[in-house]
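Q: got a structure for you, letters missing:
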Ligand code: TXA
Ligand code: MG
């Protein structure tokens, strides 16, 4: 993969107390710091600083119309930015801190830059549980905008090395907290006329959300997530899904007990293990093969989010810059 500024070595620091303190200092100055969360690495900046938020869009090569997730320390901090409704309260109580993002109307007293919402009157909020992200939020005492730390449209980064390969010298610091435990982005939920809407399947399975909200409405009516464009998470390699086996010229990314897999997301057929391996295995294979066949993956539990990412990764890419 080529990124234009890869030659400028980024500053990768171990996410120990000194590294976190330095990261918090840079963030408070409006600089960009890549940080681990329990889902994937985020490209963080002070969400209340419009120039810092603009620098995120520039570093990712992301179209301005795609809004960013704002990370906050706790529910109280979230209430200062977004207007909660009873279902949102219940979801926050059930899943925060954790891999759930709530899209809510922007509060009248909100301090986050209008640019994070990219022109919408809503704001996407999440309280991460990863200790490094939580420490940065505490130490900076401000909300942090952090989209996934990959170049726009590309495979999501789940390790500090992936961030360095994706964003190179375009970030001021990368805090290395090891591989991210879940490996899939947060589940994004919006609300439409009192009903919860699934805007992006993610690390919390639909079934778990529905146990709190009842059946989720389908996105596409009153509320949309601009990030849900067709092509996304895209490797350079050609991707063929639901493949029983690899054809000539292809390497198999397996799931379950399949023969001749080049790599296997989970030989035991465990969807949590497959979610954690998805982006790093796609990335490994993309570096070494030109065509990838992927075993069928069930649509249940985290399979919904895994298949969502795979379908987008397989979709024909639009012009560079026209995707997320
Ligand atoms: O796990 C995650 O959510 C990671 C980590 C770093 O927290 N972040 C992440 O951010 O995946 P990003 O920016 O790559 O994805 C944000 C998603 C996009 O699909 C975007 O369109 C949607 O959230 N989103 C953000 N703000 C929104 C809003 N106001 N209304 C609707 N959708 C929104
Ligand atoms: Mg992303």
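A: Happy to help now that I have it. The model shown is predicted, which means the values in this text are computed figures rather than measured ones. Numbering: from 1, shown residues only. Ligands and ions are numbered 1, 2, ... in the order given.

Q: who touches the closest residue to residue 97 other than its chain neighbours in this structure?
A: Leaving aside its chain neighbours, residue 97 sits nearest to residue 129 (3.8 Å; criterion: CB to CB, 6 or more residues apart in numbering). Placement of C-beta: from N, CA and C, glycine included. Contact analysis of residue 129 by CB atoms under 8 Å, 6 or more residues apart in numbering lists 38, 97, 98, 99.

Q: same question, residue 258
A: Residue 258 makes contacts with 245, 252, 264, 295, as judged by CB under 8 Å, 6+ apart.

Q: so for the lengthiest helix in the chain, mean pLDDT?
A: In the chain, with assignment by DSSP state H, the single longest helix is helix 271-288. For helix 271-288, mean pLDDT is 94.

Q: what do you get for stretch 31-50?
A: Stretch 31-50 comes out at a mean pLDDT of 97.

Q: next one: residue 89 from residue 119, what distance?
A: Separation of residue 89 from residue 119 (CB to CB, to the nearest Å): 27 Å.

Q: neighbour-wise, which of those two wins?
A: A side-by-side neighbour count of residue 89 and residue 119, using other CB atoms under 10 Å, places residue 89 first with 13 against 10.

Q: pull the residues that contact the helix or strand hosting that one.
A: Remark: residue 89 resides in helix 86-95, with elements defined by DSSP states H and E. Helix 86-95 is contacted from outside by 75, 78, 82, 84, 100, 102, 104, 127, 189, 191, 194-196, 204, 209, 212-213, using CB under 8 Å, 6+ apart.

Q: quick check: next helix or strand after it?
A: Next element after helix 86-95 (DSSP H and E): strand 100-105.

Q: picking that back up, buried residues in the helix holding residue 89?
A: 87, 88, 91, 92, 95 (16 or more other CB atoms under 10 Å).

Q: can you list those in a markdown table and add pLDDT and distance to residue 55?
A: What follows is the buried residues of helix 86-95, written out as a markdown table (pLDDT from 0 to 100; distance: CB to CB, whole Å):
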| residue | pLDDT | distance to residue 55 |
| --- | --- | --- |
| 87 | 97 | 34 |
| 88 | 98 | 30 |
| 91 | 98 | 31 |
| 92 | 98 | 29 |
| 95 | 98 | 30 |
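
Q: how about the residues of the chain by ligand 1?
A: Counting by CB under 6 Å from any ligand atom, the residues of the chain close to ligand 1 are 37, 39-40, 42, 66-69, 99, 101, 103, 117, 120, 122-124, 126, 146-148, 185-186, 188, 190, 199-200, 225-228.

Q: taking those residues one by one, which sit in strands?
A: 42, 69, 101, 103, 122, 123, 124, 126, 188, 190, 199, 200 (DSSP state E).

Q: about what we covered before: what's the most distant pair in the contacts of residue 258?
A: The span of these, defined through CB to CB, is set by 245 and 264 at 13.4 Å.

Q: contacts only, for residue 284.
A: Taking CB under 8 Å, 6+ apart as the test, what residue 284 contacts is residue 263.

Q: so residue 245 and residue 264 - more neighbours on which side?
A: Neighbour tally, residue 245 and residue 264, criterion other CB under 10 Å: the higher count belongs to residue 264, 20 against 13.

Q: show the pLDDT at the residue nearest to that one when sequence neighbours are not counted.
A: The spatial neighbour of residue 264 that comes closest, neighbours along the chain excluded (CB to CB, 6+ apart), is residue 254 at 3.9 Å. Looking at residue 254, its pLDDT stands at 98.
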